[in-house]
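Trainee: Sequence and computational prediction follow.
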Amino acid sequence: MSSKSAVITTRIYKGTRADALVDTGCDLYAFIDHDLARKLRLLVVDRSKQLLGNFSDAIGATKATGVVVFNLELCGYDEKIFAYTVCSLGDDLFLGKPWIERNCILYDAAA
């Protein structure tokens with residue numbers, strides 16, 4: 001992997017704990033695991049399947065099964081998130097470079 005990543009604990013949808021991979025190598029805002037989104041019955045705002053391209057260690061292009069919206073709570077702050085749903089994501093949630101930049105996150109590998 002050519003990018004640095006970190007896993008953080010977040011809360012989504014009524015306080016459900018979710019591990020989020022903060023991925024500096026991902027050019028999309030956010031992904032959520034398809035099965036987790038279904039289990040939590042997150043609001044689906046787009047059901048169209050889309051080819052997203054590569055991200056992180058993904059081999060080949062990744063296909064989204066739709067887009068959901070939910071509140072992400074991190075360190076006491078809530079943010080409304082629109083995220084692509086992806087089957088077999090590996091982590092509960094991926095937060096990409098646009099999310100990092102929008103929230104002024106400073107990645108410090110030494111910390």
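Mentor: Done, it's in. In this text the structure is predicted, and so the values were computed from the model without any measurement.
Trainee: how would you label Asp78: helix, strand or coil?
Mentor: Secondary structure state of Asp78, per DSSP: H, G, I helix; E, B strand; the rest coil, is strand.
Trainee: That one reaches Gly15, doesn't it?
Mentor: No. If you go by Cβ atoms under 8 Å, Asp78 and Gly15 don't touch, sitting 11.3 Å apart. The way it works is simple: take the backbone N, C-alpha and C, and place the C-beta from them, glycine included.
Trainee: Those two: who's more crowded?
Mentor: Asp78 (10 against 7; other Cβ atoms under 10 Å).
Trainee: The residue nearest to that one when sequence neighbours are not counted: neighbour count?
Mentor: Nearest residue to Asp78, sequence neighbours excluded (Cβ to Cβ, 6 or more residues apart in numbering): Asn71, at 5.0 Å. The number of residues packed near Asn71 is 12, by other Cβ under 10 Å.
Trainee: ok, now the one 3 residues further on?
Mentor: Counted with other Cβ under 10 Å, the neighbours of Leu74 add up to 16.
Trainee: wait, what's in contact with the residue nearest to it when sequence neighbours are not counted?
Mentor: When the adjacent residues along the chain are set aside, Leu74 lies closest to Thr10, with 5.0 Å between them (Cβ to Cβ, 6+ apart). Shown in contact with Thr10 (Cβ atoms under 8 Å, 6 or more residues apart in numbering): Arg17, Ala18, Asp19, Ala20, Leu72, Glu73, Leu74, Leu93.
Trainee: Is it possible to mark the buried ones in the residues you listed?
Mentor: Ala18, Ala20, Leu72, Glu73, Leu74, Leu93 (16 or more other Cβ atoms under 10 Å).
Trainee: quick one: contacts of the least confident helix or strand in the chain by mean pLDDT?
Mentor: Among the helices and strands of the chain, strand 50-53 carries the lowest confidence by mean pLDDT, DSSP states H and E, at a mean of 78. Strand 50-53 is contacted from outside by Leu28, Ala61, Thr62, Lys63, Ala64, Tyr84, Val86, using Cβ under 8 Å, 6+ apart.
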